[in-house]
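Visitor: Here you go, sequence then predicted model.
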Amino acid sequence: MLHGMLSKLDRLLTLEQASAHCDIPCKIYDPYMAQYSALSVLRMMDLIAELSAKESLSIADHAQLARVVAEKETHAEKAKHEVRVIWGDYFKQPQFEQYPDISDLVHRIMLAGSACKQGIERDKAENFISLINEFAAAFWTTKGIETYTATAPFPPSVPVVYAKLGD
């Protein structure tokens, strides 16, 4: 009887987890998290390549490989999510007029992110980052903010589009 009551209480107290940007809309958008996540995908692919270069893998290496693959998957999905949120919540008619091909770009980003989840080829991750950089440049331009490209100061040390913010 006690077990039945606890089970009912547990069901009453169990809440569904919800996640969202905020859907208010709060007008706080930045493609940086998508870029960061895409960079992480590339870094994870580089780490996988390092492990695959070993003649044999220890149990610790296998565990490391499992963690790295899981992170690659998580970051690819996170990058896709961040782009979808900005595209769906921020882009409205004025931005679509300014960038009429933005929906096509977002679709290509979604496909590139999926390709990164499906494989470990570095060029796929480089393409993913390149497309997200293109998206970031378009986003900042719609806000009237200039951008510049610089090499990320951490591995994988590839070009990233940044907003040129004032003092």
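Guide: Cool, the structure landed. Residues are numbered from 1 along each chain as shown.

Visitor: And the pLDDT at the nearest residue to residue 149 once chain neighbours are set aside?
Guide: Nearest residue to residue 149, sequence neighbours excluded (CB to CB, 6 or more residues apart in numbering): residue 159, at 5.0 Å. Heads up, the C-betas are built off the backbone N, CA and C, glycines and all. Here the pLDDT value assigned to residue 159 is 98.

Visitor: so residue 159 touches residue 134, yeah?
Guide: No. Residue 159 is beyond contact range of residue 134, at 11.4 Å (criterion: CB atoms under 8 Å).

Visitor: What about the residue nearest to residue 149, how many residues nearby?
Guide: 13 (other CB atoms under 10 Å).

Visitor: List the contacts of it.
Guide: By CB atoms under 8 Å, 6 or more residues apart in numbering, residue 159 lies in contact with 133, 149-152.

Visitor: List phi and psi for it.
Guide: Main-chain torsions, residue 159, degrees, to the nearest 10: phi -60, psi 140.

Visitor: Look up how far residue 116 lies from it.
Guide: 17 Å (CB to CB, to the nearest Å).

Visitor: so which of the contacts of residue 159 is the most crowded?
Guide: Counting by other CB under 10 Å, top hit in the contacts of residue 159: residue 133 with 21 neighbours.

Visitor: element containing that one, please.
Guide: helix 122-142 (DSSP states H and E).

Visitor: what's the answer for residue 107, then?
Guide: Using DSSP H and E, residue 107 maps to helix 102-118.

Visitor: quick one: that helix to helix 122-142, angle?
Guide: Regarding helix 102-118 and helix 122-142, their directions subtend 150 degrees when assessed with axes from the mean of the first three to the mean of the last three CA atoms, to 10 degrees.

Visitor: Would you mind measuring from the residue lying closest to residue 136 once chain neighbours are set aside to residue 128?
Guide: Residue nearest to residue 136 in three dimensions, not counting chain neighbours: residue 31, with 4.0 Å by CB to CB, 6+ apart. Applying CB to CB, the value for residue 31 to residue 128 is 13 Å.
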